[in-house]
Every structure is written in structure tokens, then in C-alpha cells.
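Visitor: Got a predicted structure plus its sequence, pasted below:
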Amino acid sequence: MTAIDARPQPGQDVLRRRTLGWVITLATLGLIFDGYDLVVYGTVVSIFLRNPDEIGAVTPAAAGAMGSYALIGTLIGALLSGAVSDFIGRRKVMLAGYAWFSIFMGFTAIAGSSTMFGIGRFLTGIGVGALVGTTGALVSEFAPRGKKNLCNAIAYSGVPLGSLLAALLAILLLGTIGWRGLFWIGVIPLVTLFPLAIAKMPESVAWLMSRGRTEEARKVSAKTGMPLDELSPTNPPEQTRETRSSTTAGVRAGYAGLFDGLNWLPTILFGVACVATLLLVYSLNTWLPELMLRAGFDTKGSLSFLLVLNGGAIVGALLGSRAADRLGPKVVTTLFLLTGAVFVAALSLGVPLWILLVFVALAGLGTSGTQILLNGFVVNYYRTNVRAAAIGWLAGFGRLGGVAGPMVGGLLLAAGLEVQQIFLVLAGVAVLGLVLLLLVPKRNRQDELPMVPEQSEVGRVLVNVQESSIH
């Protein structure tokens, strides 16, 4: 019988900060390319609409459909990763995601027809979905208490940062390297980020403990500085065989636990709210340049609106996440979405350019910024053994909105709606998402696990983890 001392050891704080730095850096870099993939299509869609020599003739409706193919793949990848990473681990799924989406960005770059281009977009989306569906769980499980929303916001700010990068590179390089060159940039993680993650990305200690792999968790804790005593009674760092059997009886993992008696209502509300927010995010990032072209701006000017949109999302999410750690994520996330509804609607107004740019930045804060905060809200709402399933559900089921976003924009344009009318339709979608988030019930700590026999004694043993032992 070997005793486990879960208290922080000298030097652990420095080691943990270094590990957390690597985890957040790798997560952010991966999500930068998610954001890049999101927007790079929007920067070139006007070329496809106007030049049939590229991949064949493309109508607005067909362009919207092609924009959605990547989101269908993302939906599948996120839902699969949410289930798989709760069983095989966060690290393996994230490494697979980095390699997968990089390879198929290259495939898309060499596509010679709209069919091959669409297939490339779909396959790229599967890798992106695996990454998005796992990142939040890993970051949350390494982040210290009181900073979980901030750490998730930093990581997920990679999405609008990548979107901003795509718009900037399109402005600077599109005329030189063409649309194919922009897609080749998406292959860079295969030779940079992927090998770096193999060397520096650890497995989650909390996940190892939730699977009963205590010896591995102890070794990873020693290497990473992640203290076992921070794990809650629902995520115990050390259990005997008997207590592990007692505490896990009836506590299902993955999607089964995500839809159990306590979780099914918030899970549905989060999922449908995410459909609304991602519909906004993908509609704006796909169609904003084209809408601004139709409003009278030139090509570079219309692409500049994407820079402002995603810049507002990054700044807003970082500020909002600090408020969420103090005030709670629900109040801040709903206030952000209210801001999105107001300022997406305001884009329909005829105002001077500088005011319009302010409106676009606030619309970015309230759409992409809301989505970043929503990820942090969800990963910290659920217990460890369903956390990856929860973020996979959010990224997967929510991607129905991402699938619909480019298509809705294309269909509204094809139906002959004015630019101002399209913005008002999108504002109505934001209001729907706001109502759904307001209905999410408050999570009580005692709700995290069903009551089981001798739970109070088990809880006492687990909180005083330094007194527990391995049998």
C-alpha cells in the first residue's frame, strides 16, 4: 500500500505554469488554423462567383453550399471526438486533429473542380471538429481555479485571431499567391505544430483520474506540476478499488452521462443556443465581404470589415472572460449576445464609415466573442467524465448553425433581399440564442454526481486525498 501525497511540492508552481503555458499555446495555435479555415473561404468566394475558370461556374446558392461542407465535416468530427476523447484521452484526439486538417487543407488547395473542392472542405472540417471538440476540455482541466474562463477565452481567441489572419493575408497576398496559395498556408501546422505538440502536450491528469488510471496520473502530475489536490470529489485524484466502485456507480461517462437526468435540459439548451451563435458567426465571416461589396465598398475595403469583426471578438472575449470568472459565465455570455443582436441589427443603418466600423467591431464581440465565452461556460458546467462530450456536443450539434450560416446567406441573397434586410434577419437569430441561454438552469455543486451509498464518507476521504491510498 503506497501513500499518495497530493499536496503541492516545492517547484510545482513553476512547473505547472510552464505546462499551462504550453497547453494554452498549443491549443491557441491549433484554433488559429480553425479560424483561418473559417474565413479563408469567405475571402475567396467572390473569385469563384465571378470567375468560372477557377473551379467551374459557381452560383450564390452553390457557394453557400460549398461553405457549409466544411461545417458538416466539423459537426461529424466534433461529435465523434467528444465521445472518443472521454474514453481514449484528450491528447491523442488533438494530435490526430492537427495532422488531419493540415493534410486536407493541402488537398483543397489542389482541387480542380467544385466537387473536389467541396470534398476537401468536408474532410478538412472533420479534423477541425476533432480539435475544437477537445481543446476546451484539455485547457479547462489544466487551468487553475478562478481562471478557467480566462484560459479558455485565451485558447478560443485563436479562432477569431485565425479569422483575422486569413483576412489580412488575403488583403496582402491574394493577388500574388492566389486562392490556392491561401489554402496551402493551412498545411503549415503539419510540419510545425504537430511535432511540437507530440513533444510538449501532456495528457489531462483529471481525465486519467476519471478513468481510474491513478499511477499514470501520478507520473503526469509529477512531470507537469498539476496538483492532484485541486481535483474535486467528482474528479477524485486517488481512490481505493472499493471507493471507486461506489462513486462511479450510476455515473455514466461521455454522451450517456451528458443526457442523464440532471444534464439533458441544459445540454439541449446549450446545443440549440450554439446553433444560433454559430449561424451568426459563419454567416458574417462567409458573406460580410460580399455584402459590403454590394453596399459599395471595394474588394480590399470589404475584406477589412473581417479584420474589424474578428478584432472586436478577440478583445471582447478576453475582457469578458475575466468578468465571467468574477460574475459567472452566464450573465456575461448573455450580455455579449444581447450586444451582438443590437449591433448586427445596427449594420442595417446608413451611418458614416467610422461609426459602421465601430458597429462591426461590437457585432464581432457579440457573435464570435459570445461563442468563445460559451465554450468556457460549457466546459466548466459539466463534470470531468462528460466534459469532452459536452464541448463535442457544443461544437458538433452547434455546427448545424455553422452549416446553415453560409447557406442562409446565399439563399437570402438569391431571394433578392437587400443587404439591410439580411442583417435584420441575423439579428433575430441572435435574439433566439439569447432567450435559450437565459433558460439554462443554475448548476449546483451537489448536482454534479447522483447520490450514491456512503457518498458523504467517500467525499470526506477524497477531499483529504493525502490520507487515501492505492490498493
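Guide: Cool, the structure landed.

Visitor: From here on, just use CA atoms for contacts and neighbour counts.
Guide: Fine.

Visitor: which stretch of helix or strand covers Ser81?
Guide: For Ser81, the element it lies in under DSSP states H and E is helix 60-88.

Visitor: can you map out the helices along the stretch 201-350 of the chain?
Guide: Ranges of helices within the stretch 201-350 of the chain are 205-210, 214-224, 241-248, 254-258, 264-294, 299-327, 329-346, based on DSSP state H, counting those that start in this stretch.

Visitor: which of the residues in the helix holding Ser81 are buried?
Guide: 60-87 (16 or more other Cα atoms under 10 Å).

Visitor: Repeat that for stretch 323-335.
Guide: Ala323, Ala324, Asp325, Pro329, Lys330, Val332, Thr333, Thr334, Leu335.

Visitor: Where does pLDDT dip in the stretch 251-400 of the chain?
Guide: 251-254, 296-303, 384 (pLDDT under 70).

Visitor: longest single helix anywhere in the chain?
Guide: Of all segments of type helix in the chain, defined using DSSP state H, the longest is helix 12-50.

Visitor: who's in contact with stretch 334-350?
Guide: With Cα atoms under 8 Å, 6 or more residues apart in numbering as the test, stretch 334-350 has contacts from 356, 359-360, 362-367, 369-370, 419-421, 423-424, 426-431, 433-434, 437-438.

Visitor: Can I get stretch 36-45 in CSV, CA atoms only?
Guide: The C-alpha coordinates for stretch 36-45 follow below in CSV (Å, rounded to 0.1, in the frame of the first residue of the first chain):
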residue,chain,number,x,y,z
TYR,A,36,-8.2,30.6,-40.6
ASP,A,37,-10.2,27.8,-42.2
LEU,A,38,-13.4,29.5,-41.3
VAL,A,39,-12.6,32.8,-43.0
VAL,A,40,-10.2,31.8,-45.8
TYR,A,41,-13.2,30.6,-47.9
GLY,A,42,-15.1,33.9,-47.3
THR,A,43,-12.1,35.8,-48.7
VAL,A,44,-12.1,33.9,-52.0
VAL,A,45,-15.8,33.2,-52.5
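
Visitor: which other residues reach it?
Guide: 63, 67, 159, 161-167, 170, 179, 182-183, 186, 282, 285-287, 289, 303.

Visitor: can you count the residues close to Ala166?
Guide: 30 (other Cα atoms under 10 Å).

Visitor: Got the confidence number for it?
Guide: Confidence at Ala166, expressed as pLDDT, is 86.

Visitor: And the helix or strand that it is a member of, what does it pack against?
Guide: According to DSSP H and E, Ala166 maps onto helix 158-184. Applying 3 or more Cα pairs under 8 Å, 6 or more residues apart in numbering; DSSP states H and E, we find helix 158-184 packed against helix 12-50, helix 90-109, helix 299-327.

Visitor: Quick one: closest of those helices to Asn375.
Guide: helix 299-327 (10.7 Å; Cα to Cα).

Visitor: buried sites along the closest one?
Guide: Buried-residue list, helix 299-327, by 16+ other Cα under 10 Å: 302-318, 320-325.

Visitor: who touches Thr115 in this structure?
Guide: Applying Cα under 8 Å, 6+ apart, no residues qualify as near Thr115.

Visitor: any idea whether it is helix, strand or coil?
Guide: helix (DSSP: H, G, I helix; E, B strand; the rest coil).

Visitor: likewise Ala111?
Guide: coil.

Visitor: tell me which element the residue most central in space within the chain falls in.
Guide: Nearest to the geometric centre of the chain sits Val132, at 4.5 Å (Cα atoms, centre = their mean). Per DSSP H and E: Val132 is located in helix 114-142.

Visitor: Go ahead and name everything in contact with the helix or strand just after that helix.
Guide: Downstream of helix 114-142, the first helix or strand assigned by DSSP H and E is helix 148-156. By Cα under 8 Å, 6+ apart, the residues outside helix 148-156 that reach it are 24-25, 27-28, 31, 136, 139-140, 143, 317-318, 321-322, 324-325, 329, 372-373, 375-377, 380.

Visitor: can you rerun that using 7 Å?
Guide: 24, 27-28, 31, 136, 139-140, 143, 317-318, 321-322, 324-325, 372-373, 376 (Cα atoms under 7 Å, 6 or more residues apart in numbering).
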